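Peer 1: how would this look folded up:
(chains A, B, C and D)
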2 protein chains.
Amino acid sequence: MAVPIEEIERRLALIGGALRAAGLRVTQQRMEVARAVAASDAHPDVETVYRAARARIPAISLDTVYRTLAEFDRLGLVSQVHAATAGPSRYDANRDAHHHFVCRGCGLIQDLYGDSLDAVAPPEPERLPGRVERVEVRFQGLCDECMRKEQDDE
Amino acid sequence: MAVPIEEIERRLALIGGALRAAGLRVTQQRMEVARAVAASDAHPDVETVYRAARARIPAISLDTVYRTLAEFDRLGLVSQVHAATAGPSRYDANRDAHHHFVCRGCGLIQDLYGDSLDAVAPPEPERLPGRVERVEVRFQGLCDECMRKEQDDE
DNA sequence: GTTACTGCAAACTTTTTGCACGACA
DNA sequence: TGTCGTGCAAAAAGTTTGCAGTAAC
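Peer 2: Residues are numbered from 1 along each chain as shown, chains lettered A, B, ... in the order given. Below is the predicted model of the structure:
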């Protein structure tokens, strides 16, 4: 919800370019879906992206949003992030190395940065069953607000 | 698929005890669902647990398996793990500190152990939006078999 | 002008829920 | 014996797909 304008523009340019490079069409719908994910750092779900895109293209359909986000994911332009609690798929347009704090109460997902986290490596790489492409550290817990709520219940 | 008998028994005892401690009934169905997750280290999905449980209680229903796994999750006896690729919920009865390698090709999830991973901590704990209860390092990539398959396609 | 993309509607998969019967404590 | 848990069936939620029209290149 507080991604700087320049960062949004940078992400949109990246996505537009990647579409062209992949031989795909740069449609209004795709760019508005791109804008909706790129403009949020709250890791929005499909429905939220849909609502944001519909504010600019009233006739856009939910299945286009699904298809578009799946396509972006395939191209590596966004990635799915899992909340601590089950629910609809959520997406992240932040392509910089980062990690997450996830709240098991309300579904909050917050980006975390740190060289020490980026540097985490498997203890015995030779015993891995494959090749690592990405490392994500997930800190799971309860956010301050949910902690307050849990105390009120007791 | 290769959890030692003693470890399975240990997990079953833990689950049975926790049910009693929570004032819940220790039913045949619950214990067979427990056995099915406890006996696998392949992070089975609901359907797989259902099939394993049905081999011992033919009349067990899928919704009981859903309800039971959700209950176990609430009690902290199992946890959901997310594969790299979307699909049905998968469960893990391994309560020891551990981490995961996940393959984006086939859905493989393999447990990893290492003190260096357990010790990973947030770089600026005071700036976290809440309290951390668990840390999981996820190595995402492609397993050996999927790497081979991807080469064959080119 | 082609062809890929979109919107619509319908289907599909996964998960949840209400209710009456049966089993655990 | 009382109550919790289960099975059944139906519904809800989330996601995918086929097709005909539309827009991008």
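
Peer 1: how about the helices in chain A?
Peer 2: For chain A, helices defined by DSSP state H occupy the ranges A:5-21, A:28-38, A:46-54, A:62-74, A:115-118, A:144-152.

Peer 1: poorly predicted segments of chain A, please.
Peer 2: For chain A, the stretches with pLDDT under 70 are A:1, A:153-154.

Peer 1: near DNA strand C, which residues of it? Just list them.
Peer 2: Listed as neighbours of DNA strand C in chain A under the rule C-beta under 7 Å from any atom of the strand: A:24-25, A:27, A:29-30, A:57, A:59-61, A:63-64, A:67-68, A:86. Heads up, the C-betas are built off the backbone N, CA and C, glycines and all.

Peer 1: let's see that with 10 Å instead.
Peer 2: Residues of chain A lying close to DNA strand C (C-beta under 10 Å from any atom of the strand) are A:19, A:22-33, A:50, A:53-54, A:57-68, A:71, A:85-87.

Peer 1: filter those by proximity to chain B?
Peer 2: Counting by C-beta under 8 Å from any C-beta of the partner chain, the subset of the residues of chain A next to DNA strand C that neighbours chain B consists of residue A:86.

Peer 1: contacting DNA strand D as well, which ones from the residues of chain A next to DNA strand C?
Peer 2: Checking these against DNA strand D by C-beta under 10 Å from any atom of the strand, the ones in range are A:19, A:23-31, A:50, A:57, A:59, A:61-67, A:86-87.

Peer 1: report the buried members of those residues.
Peer 2: Among these, those classed as buried by 16 or more other C-beta atoms under 10 Å in any protein chain shown are A:19, A:29-31, A:50, A:64-65.

Peer 1: give the contact list for the residue positioned nearest the centre of chain A.
Peer 2: Nearest to the geometric centre of chain A sits residue A:92, at 1.1 Å (C-alpha atoms, centre = their mean). Neighbouring residues of residue A:92 by C-beta atoms under 8 Å, 6 or more residues apart in numbering or on different chains: A:37, A:43, A:78-81.

Peer 1: coming back round to it: between the buried ones among the ones next to DNA strand D among the residues of chain A next to DNA strand C, which is closest to residue A:151?
Peer 2: residue A:50 (35.5 Å; C-beta to C-beta).

Peer 1: verify the contact between the closest one and residue A:63 for me.
Peer 2: No: assessed by C-beta atoms under 8 Å, residue A:50 is found out of contact with residue A:63, at 9.7 Å.
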